[in-house]
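*Asks:* have a look; sequence and predicted model below, questions after that.
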Amino acid sequence: MRYWLMKSEPSDVSIDDLAAMPEQSVAWYGVRNYQARNFMRDQMQPGDKVLFYHSSCAEPGIAGLAEVSTPAYPDATQFDPENKYFDAKATAETPRWFNVDVKLVKKTRLMPLSEIRGYPELAGMRILQKGNRLSITPVDPAEYRFIVKHL
DNA sequence: GCCAACGTTGGC
DNA sequence: GCCAACGTTGGC
């Protein structure tokens, strides 16, 4: 079992949006970065634990706990010419982009990025490293446990 | 809106 | 394969 931090823009899918979804589950569509795709496609397993992170918003931070609920499968948005995530080079036979489904475990208080920064125990987290832009990053089990304990 | 950092693209 | 130009991310 692995641990992940997954960024979502709340203007797109917030923790409350996730809570309102059927089955409280959502396809993690729209990832167009190979490293992040590879994490989903090659490493994620149903049951992996997820920190649901709000990015590009007034109060960036961890907003809840979630779980990977499906293996990776081709991201439907790559095939839809009307969709902003359309990829002309992707075909049904050779899809380029994949996503898993993510299911809410529980909404928590918001742990702001500024607070995360303040814990020496979390100093190694990828999202705190300069220039990090990856929308999906692995999280250390100890870091995950520390965060859950402090939520 | 600014801007640093990084990934991708494409000409050569 | 190099690398400049360009686009995107995301905190502030």
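*Replies:* Yep, it's here.

*Asks:* in stretch A:2-19, what's buried?
*Replies:* Judged by neighbour count using 16 or more other Cβ atoms under 10 Å, the buried positions of stretch A:2-19 are A:R2, A:Y3, A:W4, A:L5, A:M6, A:K7, A:S8, A:P10, A:V13, A:S14, A:I15, A:L18. For every residue, glycine as well, the C-beta is placed using N, CA and C.

*Asks:* mean confidence score for that stretch?
*Replies:* Averaged across stretch A:2-19, pLDDT comes to 97.

*Asks:* and that stretch, how far apart are its ends?
*Replies:* One end of stretch A:2-19 sits 23 Å from the other (Cα to Cα, to the nearest Å).

*Asks:* what about it, distance to the chain center?
*Replies:* 6 Å (Cα atoms, centre = their mean, to the nearest Å).

*Asks:* ok, that stretch near DNA strand C or not?
*Replies:* Yes: remark: stretch A:2-19 sits within contact range of DNA strand C at A:K7, A:E9, by Cβ under 7 Å from any atom of the strand.
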